[in-house]
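>>> Model the structure of this input:
(2 chains)
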Amino acid sequence: MKPRIVLVDDHALFLAGVRAELGDAVDVVGTAGSVADAVPLIKELDPDVVLLDVHLPDGGGDAVINAVAPDRPGVRFLALSVSDAAEDVIGVIRAGARGYVTKTISGEELAQAIERVRSGDAVFSPRLAGFVLDAFRAGERVGGDAELNELTPREREVLQLIARGYMYKEIAARLHLSVKTVESHVSNVLRKLQLSTRHELTRWATQHRLV
Amino acid sequence: MSTAALPRFALDADRRAIAGVCAGIARALGADVTLVRLVFAVLALAGGAGILVYLALWAYARARRVWLTVLLAFVAGALVLGAIGLSGSGIFGIALVVAGLWLALRRGGSLRPGAPVSYLGLGLAAIGVAIVVPGGTPTLLAPGAVAAALIIIVGPWLWRLVRDRDAERAARVRSEERAEVAARVHDSVLQTLALIQRHAGEPQRVSALARRQERELRGWLYGDVPLGNGAASLEAALSTAATDVEEVHGVRVELASAGDCPVDDRVEAVALAAREAMTNAAKFAGVDEIDVYAEVTEDAVAVFVRDRGSGFDRAAVPADRRGLVESIEGRLERAGGEARIASAPGEGTEVELHLPRRAQ
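All right, here's what the predicted structure looks like:
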């Protein structure tokens, strides 16, 4: 069955473009251009995946996730953006998005990413992998709860390869792992990012704006 | 100069000893009642001034008669000054200063920017000063009183001058900033829009231009990277290189980074080598996407340039092709780093550039 998706983006042109590029791969059941419109729409339609812009006119993508998630835990979010301020992207991921891709992604890749998110996996674009490595490195310098604040050497290795442009399959071959194991490493990183309550991450975000 | 912020003075009937004036003052000022009463007692010793002030405030609180209060306060002030030992003309002079200042400062007076200066008030105050100075006041008081009077008269005016000058400077800074933004937007965004209009028929070119502008604008908005030209950081330098390669060769360069650092000679060597690697990939790999990842840690800079293209056999590269040897490996070596190239026919190529950072 095709995934049912909702597009949330305030650029009408972009909405139309994504719709056309995705073609028959998915079933676009609704679109919204603001947080206020998106929240009731998503609750009503209960789609499989929401493609969510990081910036909306009346708030961030994280506002949508925070409002929807308690009522519709089954809905998965994939952040999609051209605006790459690292702290904004990390903010949406921490709110619960299962991944982040840039708007320059091809239709085919986007369809794959949606499928992956629907099945509960994480989708890390190279850029997001870079942001996450950077964020965790800031946390490691400061210390704290090691289990949540640090990446294992393997996780770091996987993220570095993603940042270098390797696909899961290629990473698996290079590290002599199964693709499933690579996926679980990525999901673990996502979990750490979302669960860690460390203020170091916030500090990192603040510093990042200043650097 | 807002007196409205102060609590209103009113008689405090709950804690009164006589009429509640002292308690009322204590409440309005947030001071200790005993202290206020002590001050009044001391003033009362000064020719009975404390009693007059007390009456004045009582009259003010009961009837809100400003003129009566002012009159009583004036007399009280005169009594105090007399008690200290000032001559009659000294007291008259000081009264003139006070009256003049009251005229000058009333309703915010010269303290507000743009308010008319009350020359009558300032004139009265000045005459008062003139009378006080030669008026045979006690030697200890005279210089201090004159200085204080001058500060009080001229101070607000000077302060206003400074304020006006600051406002002017702020306005100038703002307009300069606006001009700077306009210039940068003109040099980059507007130029790109013009280019896009001219090349509307060539989708690949238009999309490369748009990507370049997007990246540049993003760098400026979020990363403080100068818009237009010049690279202040490794990421900015790589971003410029990626954009140029995209434009010249019509490929897509996906740039990711973790950490960033300022550009010095050695880091610039890395950026230039990375640019060469991107160009090579665009020219020879036969792909339309190149991945670039830069990682800056405390001890090292690493840049990875990767394509999934045709790859090559190192041994089969003609010796006269110097690009790899000179522009990538040689450059890194001179900078104190190392370049590694991993490639095999049909398996794509990855160039890794490593540069240790010197201890800071």
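
>>> Quick check: residue B:292 is in a strand.
Yes: judged by DSSP: H, G, I helix; E, B strand; the rest coil, residue B:292 forms part of a strand.

>>> Looks like it contacts residue B:255 (just checking).
Yes: contact criterion Cβ atoms under 8 Å: residue B:292 and residue B:255 qualify, at 4.9 Å. (Glycine included, C-beta is placed from N, CA and C.)

>>> Quick check: neighbours shared by the two?
Counting by Cβ atoms under 8 Å, 6 or more residues apart in numbering or on different chains, the common neighbours of residue B:292 and residue B:255 are B:238, B:242.

>>> Now residue A:71. Nearest residue, chain neighbours left out?
Counting by Cβ to Cβ, 6 or more residues apart in numbering or on different chains, residue A:71 lies nearest to residue A:43, which is 5.6 Å off, once chain neighbours are set aside.

>>> name the helices or strands packed onto the host helix or strand of that neighbour?
For residue A:43, the host element (DSSP states H and E) is helix A:35-45. With contacts taken as 3 or more Cβ pairs under 8 Å, 6 or more residues apart in numbering or on different chains; DSSP states H and E, helix A:35-45 sits against strand A:4-8, strand A:27-32, strand A:49-53, helix A:61-68.

>>> quick one: the residue located most distally from the centre of chain A from chain B, how far?
Most distant residue from the mean C-alpha position of chain A: residue A:176, 26.1 Å away (Cα atoms, centre = their mean). Distance, residue A:176 to chain B, using Cβ to the nearest Cβ, to the nearest Å: 17 Å.

>>> which phi and psi does that residue have?
Dihedral angles of residue A:176 (phi, psi; degrees, to the nearest 10) stand at phi 60, psi 50.

>>> Check residue B:10 too.
Given degrees, to the nearest 10, the pair of backbone angles that residue B:10 has is phi -150, psi 160.

>>> Same question for residue B:20.
The phi and psi torsions at residue B:20 (degrees, to the nearest 10) take the values phi 90, psi 10.

>>> who's in contact with the closest residue in space to it that isn't next to it in sequence?
The shortest distance from residue B:20 to any non-neighbouring residue, by Cβ to Cβ, 6+ apart, is to residue B:11 (4.0 Å). For residue B:11, the contact set (Cβ under 8 Å, 6+ apart) comprises B:19-21, B:23-24, B:58, B:61-62.

>>> make it 7 Å
Counting by Cβ atoms under 7 Å, 6 or more residues apart in numbering or on different chains, residue B:11 makes contact with B:19-21, B:24, B:61.

>>> for residue B:171, same thing?
Counting by Cβ under 7 Å, 6+ apart, residue B:171 has no contacts.

>>> ok, residue 54 - how many residues close by?
Looking at chain A here, since you left the chain open. Residues near residue A:54, counting by other Cβ atoms under 10 Å in any protein chain shown, number 22.

>>> Chain B, not that one
Look at residue B:54: counted by other Cβ under 10 Å, it has 20 neighbours.

>>> Could you tell me the phi and psi values at residue B:307?
Here residue B:307 shows phi and psi, under degrees, to the nearest 10, equal to phi -140, psi 160.

>>> thinking again about what came up before, of all the helices and strands packed on helix A:35-45, which one is nearest residue B:32?
Of all the helices and strands packed on helix A:35-45, it is helix A:61-68 that lies closest to residue B:32, at 51.4 Å by Cβ to Cβ.
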